[in-house]
Every structure is written in C-alpha cells, then in structure tokens.
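1. build me a model:
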Amino acid sequence: MKNTLSLSAALLAALPAYAQDTQLDTVIVSATRFEASGNTTPTMVNVVSAEQIEASGANNIADVLRTQPGLHLRDASGTNNRVAISMRGFGQNSTNNVLVLVNGRRLNNQTLEAPNLNLIALNDIERIEIIQGSAGTLYGEQAVGGVINIITQPITDAQGRISISRGSDDQERYNLAYSRGFDNGFGLRLSAESQHADNYRDHSATDFNNVFGEIEKIHDSGRVFVELQKTEDDVELPNSLHINQKQANRRQSTSSDFLNYDSDVVVLGLEQDLAEQWELRGEYSIRDTDGKGILFSDYTQDTRVKSFTPRLLGKLGHADITLGYDRHRTDYVRGGYSPQTRQQTANAIYARAQMPLILDDLQLTIGGRESRVKDIDLRNNQDNSQSRFVKEIGLTYQLSAEQRVFLRRDESFRYANMDELAALPAGETFLKPQEGTSLEFGWEWSQSTTQLQATVFQLDLDNEIKYNATTFANENLDESRRRGLILSARHGLTPDLQLTGNYSYTDSEIKAGTHAGNEVPYVPNHSVALGLDYQLTNETNVYLDAKYTGAQFRDDDEANSLSQVGGYTVVNANVRWSFQQWDASLRINNLFDKEYDAYTIAAPWLPGGSAYYPAAGRQLMLTLGYSF
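-> Numbers count the residues shown, from 1 in each chain. As a prediction, the model looks like this:
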C-alpha cells in the first residue's frame, strides 16, 4: 500500500510547470445528454480521444478502458469479448451496475450478459466519455457505479480508411471505413469489420463480422439520421481450471460450450433547434439479437429491445433546463436450461436544472427522475410492477478559469433483470429494487498541457442484487458501503512527450448481515496506471502503459475466508509509423508475458478451493493502414 501511494504521489508531484494560460476546451455530451463545451456540472468526466486511441494501438475497446481511472475489468474468456466493467467497487454483479452507451443509446441488456463492446469498431470512435459515479437522475437504471458513453465519428468531407491486422494466436482483422458529406446536406458513413482469432486458451476462438451504415440530412435548424447495423458474433467459451490443471497447462480447456449471436440494430434520430433557445433531441431504436449454442446444454436466446428517448434542453431565465422521457421495452425468450419467456417495460420522466446562485461562478444543479417498470413472466402467467423516484443535488464552484470544485449527492437504482428473476429463493416471485445513495467531492485543474483531477466518494447500497453461490439463487443483499479516492493526471512534459497516470483506492465493505465488516469480494483496494506517449520523429510514435491491480478476495468469498489473490502489473506497448497516407503499428499486450488470472472464483468443491480463468500471455498485433 505504501509503495502504491508513494508512486501516485510522486507522479503528481513531479509534474513540472510546463503549461500555458489556455484552458482545455473539450466537448462533452454525457454530463448533460446534450453537447456542451467543457463540464460545468457537478460530475467528473474523463475523456479518451480518437488520437489517444490511435497512439495506443489498442486492438479493442477493452484495451482502451483497462487503464482508465476507477475502472476494473473482468474477462473470464481471456479474449476481451464481453468484458464486465466495474466502477465504484462492484465484483460479480458489475455488469448491471455500470451503464454503457453508444451515442447515448444503451448497450446493456436486461440480462446477465455484459454489453458487447465489439459492436463498435475502434476506427468509428471519436471519443469515449467516462462519468465517474452515480448518474441515476440523468440516465436511470443501472447507472450506479458510472456511465461509459462511446461517441462515434461524425460524417465529414470525403475520407476513408482501410486496415489489415495479423497477430499472435491466429488473430486477424480487416477494417474498412468511409464517410462523405454532400453540399445538399446529405451525408453517408459506412463501416465494415471482420475479425478472427484462435486466442490464447484452447476452445476460445472468436469470429466477428460487423457492417454499419448511417445516412443523415442536415437542414438549417437541425438534422435527421438513420443508422443500420448487422453483426455476427461467434464465441467459444473456455471453462475455468482448478489449481492442478492450471499448473499443468494454463492454456487448456475441457469445455465444449459456445455461443453464436446475430444482431440487427436500427436507429432513427432527430436533432432540432427550436425557438427561444430550446433544442430537441431524440432517438427510436430497435436492437434484435438471436443467439444459440451450448451453455451446459443446448441453448437459445432471443432478445428484442425497443427504446424511445426524446429530450429537451433550454433556458428558463438564468437556468439551463433538461427535460426527458425514456422508454425501454425488452422481449426475452430463452430456451435450454431454465427456459423462460419474459417481457419488461420501463418508463421514466426526468428533469434537471442548472442555475447560478449569488455568484456567477457558483452553480446549483438539481434534478429528479420518476421510473416505473412492469415485468411479465409469460411462462408462469405472473407480473409485477415497481417504481422508484431518485433525486440529485450538487454545487459547482469555478475557483478560476483553470480550477473548479464540486459537491454532489445522487441517488441510484436498478431492477432485477430477467435472468435474475429466473432463479429466486424458494417462495419468492420477484426481488426488491436495489437502491443507492452516492456522495462525491471533486477538484479539477486544467490548462492546455496539464490536467489534474481528484475525487472522493461514498456509495451506500441497500437491497443490492447478487447471485448467492450457496443457495443457487439471486437475492437482495444486506447493506454495503463503498468509499474511495481517484487521482488522475495528464501532462505534456514537452510538445512531443505526454505523460498520464491515475491511482484508485476503493474500500468496499459489507455493513450488515452474516458477513458484516467483511470486504466485498473481487474488488481491488488499490490500482495504479501510468502511460507514456512519445512522438519520437515526425513519422514515429512510441506508446507505453502499465497497470497495477492490487490484491483482492476471490469472487463469491463474502466470508473472506480464503487468502487474497495477489496483485499484478501488466505492461503494454505500441510503436506506430506513418508516412503520407500509410501507417503501420505494432501493439504488444502483456509485454513481459506476466502470468496472472483474469478472474478467480471461490469453489470449495475443487482442488485448491478455487476456479481460475487464466489471462492471455504476451500477444503481438501488426496493423497496416491506408487512408484515402
């Protein structure tokens, strides 16, 4: 712990005063659900730009997120396919406590599946916005630990790119992107990607194909657009290993499980400027996913999600007002083990106001959301309705052009998803909604070459929803509390050398019940990430990052009876060369071939008492690209 803290302190203290008086002017959508220059709301938002992604040579979004402040990723397959993202100290149930969006549209399902981050090609991303902490008022259900919003590239003048990648374990990827805007206001964007990999472990091959298209029409006061996407995602699922198997061969798997998913997405959108400083934005989307495979036995899954999310932004006097309505309907049919047919409809209205107080530099933010959900179990002819009202209040004080501080209280919630409702304690037909209260204090200082951030938080949860490995049922847990600190820094040491770093401390404690006083399992107390981006010559860029993940208890070990899984450090590197329209990069994940486990679960019935999912060793990926 002392070494970790001293490393972070040294990082912040060593930053020299290489800065100008110009403040960073970053466009942020996620803090208000509308595009705005900068962030004046009581929320900490970290932004990862397309340029940063390009410099890192990341192979997928998981590579990008792994070193961001306050994020802990779980990857049971070791393939970066459907990783579970944890924020604010969640373990096994992190999937439904972090909300993942694409241009404000939900990727989360009302199931136990993690959002499929592979649906977005890296070449299509303009930036990734990460909201640290609860956002229940603005985004509603599942926005408990934080929100990740992936913003795609806008349609621009004619430009395109094609790339080919080959790497370790028979990895190969082919990508094509093209965008063109016309003088009459019409615009077109096309993207296609195909990936295949045998991957590190036996029986973990992946095949992925994705085609995306967008058509827009810009007029004097706004635009309308249509997005279409079709994907095929086939994954083999390696099983866990006990200690003897892992020591004999960490690559092996005895599984025959696999899943094949076909998805179709249609999005209709409107952006319209109205009179008197009001804006209207809204989307209607349909995401239809058909899945089949073997998961313990023959398995099928059909999920259709329909969403409608109109919202208004305007001014009333000196106050900025956001008004919105969210509707999500999910139809879900699962065959195989524990078959079910369910329907869930969620409706919510929300309002948020931001206004100056006595001083123009002091802003008050208040808001509220009324949410109602109806679950229908069509197989057993049962239904249940639940509702929650959550509130937000916060203050933001602009100390100077470069500095701001904020204090915020936000409430969060989530309803049990349809997989969770299929396995309940005896005599139960539904679960109580999970409820949370989040307190945050943050400080941010930013200039043209330097940005420093610090956030202290506390998150109290009641009726947290989680699977009980002893009773084999999902249940409402006793009270728990997460407290922590996140520090992050970005600095341009010279115009050609950029340094980044962050430190996260999380104390997750079970507050009541049988395990009162114990730590929440699979939550590292400490993590540190450091990054270096160096423009060696006009044509050559070198990138390095290192992530230390501290010790943690095995998942399902609420009793804290087993020893902790030790901490580990993973280093990644990328060298990128560009000349005119050509570029090439060599990305090396796990540069020093560190042996560690991507996920560990307490399993008393196995030799050694644990089930292990080994992470991949050193992997190389060479990419050749051409822009036109």
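2. from here on, just use CA atoms for contacts and neighbour counts.
-> OK.
3. tell me what Leu544 is bridged to.
-> Note on Leu544: beta-bridge partners by DSSP bridges are Leu532, Ala573.
4. how near is it to Leu591?
-> Taking C-alpha to C-alpha, to the nearest Å as the measure, Leu544 and Leu591 are separated by 10 Å.
5. shared neighbours of those two, anything?
-> Val571, Asn572, Ala573 (C-alpha atoms under 8 Å, 6 or more residues apart in numbering).
6. so the first one touches Lys547, yeah?
-> Spelled out, it's Val571. Yes. Between Val571 and Lys547 there is a contact at 6.5 Å, judged by C-alpha atoms under 8 Å.
7. quick one: the strands in the stretch 1-150 of the chain?
-> Using DSSP state E, counting those that start in this stretch, the strands found in the stretch 1-150 of the chain span residues 27-28, 36-37, 44-49, 71-74, 84-87, 98-102, 105-106, 125-132, 146-152.
8. most tightly surrounded among the ones you listed?
-> Mean neighbours per residue, mean count of other C-alpha atoms under 10 Å, is largest over the strands of the stretch 1-150 of the chain for strand 84-87, with a mean of 26.
9. what about it, average pLDDT?
-> Within the predicted structure, the mean pLDDT of strand 84-87 is 94.
10. ok, now which ones touch Ala135?
-> Ala143, Val144, Gly146, Val147, Asp410, Glu411, Ser412.
11. give me phi/psi at it?
-> Backbone torsions of Ala135, given as degrees, to the nearest 10, read phi -140, psi 40.
12. alpha carbons of stretch 246-264, as CSV, please.
-> C-alpha atoms of stretch 246-264 as CSV (Å, rounded to 0.1, in the frame of the first residue of the first chain):
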residue,chain,number,x,y,z
LYS,A,246,-3.6,-24.5,-14.3
GLN,A,247,-0.2,-25.6,-13.1
ALA,A,248,-0.1,-28.4,-15.7
ASN,A,249,-1.2,-26.2,-18.7
ARG,A,250,-2.8,-22.8,-18.2
ARG,A,251,-4.0,-22.7,-21.8
GLN,A,252,-6.1,-25.9,-21.7
SER,A,253,-9.9,-26.1,-21.5
THR,A,254,-12.2,-29.1,-21.3
SER,A,255,-15.3,-27.1,-22.4
SER,A,256,-17.5,-27.6,-25.4
ASP,A,257,-19.6,-24.5,-24.8
PHE,A,258,-20.1,-21.9,-27.4
LEU,A,259,-22.5,-19.1,-28.3
ASN,A,260,-23.4,-17.6,-31.7
TYR,A,261,-25.2,-14.3,-31.8
ASP,A,262,-26.8,-12.5,-34.8
SER,A,263,-27.8,-8.9,-34.1
ASP,A,264,-29.6,-6.2,-36.1
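13. and the contacts of that stretch?
-> Contacts of stretch 246-264 (C-alpha under 8 Å, 6+ apart): 200-203, 228-241, 245, 286-296, 612, 614.
14. now do stretch 214-222
-> Contacts for stretch 214-222 (C-alpha under 8 Å, 6+ apart): 185-190, 223-228, 270-274.
15. for Leu439, give its distance to Pro42.
-> 11 Å.
16. same check on Ile486?
-> Taking C-alpha to C-alpha, one finds Ile486 at 16 Å from Pro42.
17. these two: who's more crowded?
-> Pro42 (26 against 21; other C-alpha atoms under 10 Å).
18. for this protein, which residue is closest to the average position?
-> For the chain, the residue sitting closest to the mean C-alpha position, by C-alpha atoms, centre = their mean, is Ile148 at 4.3 Å.
19. was I right about that residue contacting Ile130?
-> Yes. The pair Ile148 / Ile130 is scored as a contact, 4.6 Å apart, by C-alpha under 8 Å.
20. need the buried ones from the contacts of stretch 214-222 selected in ChimeraX.
-> Entered in ChimeraX, the line below selects the buried ones among the contacts of stretch 214-222, by 16 or more other C-alpha atoms under 10 Å:
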select :186,187,188,189,190,223,224,225,226,227,228,270,271,272,273
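21. picking that back up, okay if I get the strands of the stretch 1-150 of the chain as a markdown table plus distance to Ser480?
-> Formatted as a markdown table, those follow (distance: least, C-alpha to C-alpha, whole Å):
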| stretch | distance to Ser480 |
| --- | --- |
| strand 27-28 | 32 |
| strand 36-37 | 35 |
| strand 44-49 | 23 |
| strand 71-74 | 19 |
| strand 84-87 | 15 |
| strand 98-102 | 17 |
| strand 105-106 | 27 |
| strand 125-132 | 19 |
| strand 146-152 | 17 |
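22. could you tell me the least trusted of those?
-> strand 36-37 (a mean of 74).
23. name every strand pairing with that strand and say which way it goes.
-> Paired strands of strand 36-37, defined by DSSP bridges, are strand 27-28 (antiparallel).
24. next, show the common contact partners of Leu439 and Pro42.
-> With C-alpha under 8 Å, 6+ apart, Leu439 and Pro42 have common neighbours Leu407, Arg408.
25. low-confidence stretches in this structure?
-> 1-26 (pLDDT under 70).
26. again, only this time at 80
-> 1-27, 36-39, 77-82, 359 (pLDDT under 80).
27. which parts of it are helices?
-> 2-13, 50-56, 61-65, 136-139, 243-248 (DSSP state H).
28. how far does the last one sit from its chain's centre?
-> Relative to the mean C-alpha coordinate of its chain, helix 243-248 is positioned 32 Å out (C-alpha atoms, centre = their mean, to the nearest Å).
29. wait, Gln458 touches Arg482, no?
-> Yes. At 5.6 Å, Gln458 and Arg482 qualify as touching, with contact defined as C-alpha under 8 Å.
30. so what sits against both of those two?
-> With C-alpha under 8 Å, 6+ apart as the test, Gln458 and Arg482 reach no residue in common.
31. what's opposite Leu101 in the beta bridge?
-> In beta-bridge terms (that is, DSSP bridges), Leu101 pairs with Arg106, Asn149.
32. residues in contact with Tyr599?
-> Arg74, Asp75, Ala76, Tyr612, Tyr613, Pro614, Ala615 are the contacts of Tyr599 under C-alpha under 8 Å, 6+ apart.
33. ok, now Glu129?
-> Ile28, Val29, Ser30, Val45, Asn46, Val47, Val48, Ile148, Asn149, Ile150, Ile151.
34. recalculate using a threshold of 10 Å.
-> The contact partners of Glu129, by C-alpha atoms under 10 Å, 6 or more residues apart in numbering, come to 27-31, 45-49, 101, 147-151.
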